[in-house]
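Trainee: got a structure for you, letters missing:
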């Protein structure tokens, strides 16, 4: 009995956060580490990942992960399996807003994302990260998540993905809805629900969370909230081991699908 108590006391939860070298992803990783999690800081660029993990501290480990490259996903699975044997929490945070040059304004990105003139190449590029990347990483990590006693998947979405909200004529963000970024988040919400329905019988929780209009590189830092504020709801949902599944929430509570 003493050994059982000792092992449960020493149990350290393991998390993987994709796109965690900056912005909301970094803040989520930092908060999880401060709550005692061992956090794998996913980053396309190894150097950026190492820098972020060093800044977070002892509970953080950098891991190279490009969600559009299956070889890096497979390597990440192998490493986590070898070092931890399981994964308790997967935060699918990695996302891109557009396929243009860095520094593109929110207005320019909105214009380029309009259904009538959007480049199909740009649609494919953004969806490759925001939608297909989430499916790829989640499928690959499932064997490790199934070894956890309280597995959770948190997909970082956006209020822009809410068709109910966007279809309201009074919605302030209505003019920003396009087929590149915004529609990718609608698709991500559908992917979230598909996984939530299928994995509910295995008691694996899957939820979508919007950080709100956060100032990050995603929107050329034109958002109105800080990353600290934006990370609060994703962190709350991530830490909730006995919470619901199949939900879509934001800083102010439940969001309509």
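Mentor: That came through fine. What you see is a predicted model; the values in this text were computed from it and never measured.
Trainee: give me the distance between the helix or strand hosting residue 237 and the centre of its chain.
Mentor: Assigned by DSSP states H and E, residue 237 falls within helix 232-239. How far helix 232-239 lies from its chain's middle: 11 Å, per Cα atoms, centre = their mean, to the nearest Å.
Trainee: one more: stretch 203-212?
Mentor: Put simply, stretch 203-212 sits 9 Å off its chain's centre (Cα atoms, centre = their mean).
Trainee: compute the first-to-last residue distance for that stretch.
Mentor: Start and end residues of stretch 203-212 are separated by 28 Å (Cα to Cα, to the nearest Å).
Trainee: just the helices in the stretch 151-257 of the chain please.
Mentor: Taking DSSP state H, counting those that start in this stretch, the helices of the stretch 151-257 of the chain run over residues 163-166, 181-199, 227-230, 232-239.
Trainee: show the average pLDDT along the last one.
Mentor: This points to helix 232-239. What helix 232-239 shows for mean pLDDT is 92.
Trainee: now do the second one
Mentor: The pLDDT scores in helix 181-199 average 97.
Trainee: tell me which residues in the helix holding residue 237 are buried?
Mentor: Neighbour-count burial for helix 232-239 flags 232-235, 237-239 (criterion: 16 or more other Cβ atoms under 10 Å). Backbone N, C-alpha and C define where each C-beta goes, glycine included.
Trainee: for those residues, which one is nearest residue 36?
Mentor: Taking Cβ to Cβ as the measure, residue 36 sits nearest to residue 239 out of the buried residues of helix 232-239, at 10.1 Å.
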